[in-house]
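K.L.:
Got a sequence here, can you build the structure:
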Amino acid sequence: MTEIPDVSVVIPTRNRGAVIADTVDAALGQNGVEVEVLVVDDGSTDGTWEWLSSRASDPRLRPLRHDANRGVAAARNTGIVEASGDWLAFLDDDDLWSPDKLASQLDAMIKVGADWSWTGVMLVDDRRVALRELPAPPPDGILHRLLADPVSAIPAGASNVVARTELVRRAGSFDVSFSQLADWDLWLRLAEVATGASCDEALVAYVRHDDSMLLTDPAPLLEEYARLRSKHGATASREGTDWDERRFARWVASGHRRAGRRVAAAEVYLSSARRNRSASDLARAGAALLGERAWAPFNSARADPGAVAPDWLRLYDR
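P.N.:
Residues are numbered from 1 along each chain as shown. Presented below is the predicted three-dimensional model:
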């Protein structure tokens, strides 16, 4: 493309050819904003790269490729290096956006002089049925909230945030030593040095499905969490914030339960019960072994029977 874009959208992907088309269209279909869409294929073997190459006639779409799988954080970093827009937006390869998402976030940041932003989110299932609305947290106290509440501080994680490109680069981009918690780590670094802005409207559809990283590979999460606490320990002490380890453990256990790993879920609950002297986690361990669903899925994954899908989600009706 010859015109410098306002926003560079970075989409990491690997072997998701069955779902990525709508995600790419969501990024290209933004109103009132010039975009470039950098889709980083992290070593796909399912024809994703061939599909991306077939779309390359659109000058706004820039397919990039890793010949071998290097991980989602490295894929996002490749997009960051190649980005030419003043702003960066991140989008996971199965999530969707309102056509007004980027314009709304840019407007919100300009109004208050912010350098990064996030919005409300609608949690949906893989049929795009609305399950629960996840509100956008207010910008005041966002660093404290990120430290204390890992589960829902920035709903939808990397599909939500827009930030100045130079800010992200100065912050060091994504730490490739993390996998599932790389976005949380970056948001903590951004919150330490930059003013944030929020949009209350649900402008992201966050798709909950059985192929999510939490379900397919949850084992490293507790180890990553320990390293993240160590990395940001000084910040937490300065903020006077206690890490909510029990809440995080329940989130991990809920992923095991949704994937049918009852023993693994029970082990996480039992470990939390011992460390936090939590009788309720002991009860959760028993429920997990018995296959009961009283506490699963945890927190934001619970469906709300009154949830109403935003009108823009109909654009993606199948």
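K.L.:
make it CA atoms for all contacts and neighbour counts henceforth
P.N.:
Will do.
K.L.:
Now do the same for H209: its pLDDT.
P.N.:
Listed pLDDT for H209 reads 63.
K.L.:
And for R314, the neighbour number?
P.N.:
10 (other Cα atoms under 10 Å).
K.L.:
That one falls within a helix, correct?
P.N.:
Yes - counting by DSSP: H, G, I helix; E, B strand; the rest coil, R314 is found in a helix.
K.L.:
From G306, how far off is A283?
P.N.:
Noted for A283: a distance of 29 Å to G306, by Cα to Cα, to the nearest Å.
K.L.:
neighbour-wise, which of these two wins?
P.N.:
The neighbour count for A283 versus G306, taken as other Cα under 10 Å, is higher for A283 (15 against 10).
K.L.:
what are the ranges of the helices in the stretch 201-318 of the chain?
P.N.:
For the stretch 201-318 of the chain, applying DSSP state H, counting those that start in this stretch gives helices covering 213-216, 221-231, 233-239, 245-258, 262-276, 279-290.
K.L.:
Hmm, I typed the wrong one, I wanted the stretch 1-150 of the chain.
P.N.:
20-28, 48-54, 72-82, 101-112, 142-148.
K.L.:
distance between the last one and the chain's centre?
P.N.:
Spelled out, that is helix 142-148. When distances are taken as Cα atoms, centre = their mean, to the nearest Å, helix 142-148 is centred 16 Å away from the chain's centroid.
K.L.:
Then the second one?
P.N.:
On the basis of Cα atoms, centre = their mean, helix 48-54 is displaced by 24 Å from the centre of the chain it belongs to.
K.L.:
which helices and strands sit right next to that helix?
P.N.:
Judged by 3 or more Cα pairs under 8 Å, 6 or more residues apart in numbering; DSSP states H and E, helix 48-54 is in contact with strand 61-66.
K.L.:
quick one: low-confidence parts of the chain?
P.N.:
Filtered on pLDDT under 70, the chain yields the residue ranges 1-2, 150-151, 209-219, 292-302.
K.L.:
Looking at the record's assignment, how would you partition it?
P.N.:
Per automatic domain parsing, the structural domains of the chain span 7-210, 215-301.
K.L.:
and the most centrally placed residue in the chain, what does it touch?
P.N.:
Taking Cα atoms, centre = their mean, the centroid of the chain lies closest to G157, which sits 2.3 Å from it. Contacts for G157 (Cα atoms under 8 Å, 6 or more residues apart in numbering) come out as D183, W184.
K.L.:
Against E82, how distant is it?
P.N.:
Taken as Cα to Cα, the span from G157 to E82 is 21 Å.
K.L.:
Then V37?
P.N.:
11 Å.
K.L.:
same deal with L96?
P.N.:
Per Cα to Cα, L96 is found 23 Å from E82.
K.L.:
Which one of these two is surrounded by more residues?
P.N.:
When neighbours are counted by other Cα under 10 Å, L96 and E82 differ, and L96 comes out ahead with 26 against 13.
K.L.:
From R128, how far out is the more buried one?
P.N.:
10 Å.
K.L.:
hey, what's in contact with both of the two?
P.N.:
V207.
K.L.:
Y269 contacts S280, correct?
P.N.:
No - using Cα atoms under 8 Å as the test, Y269 is too far from S280 to be in contact (9.0 Å).
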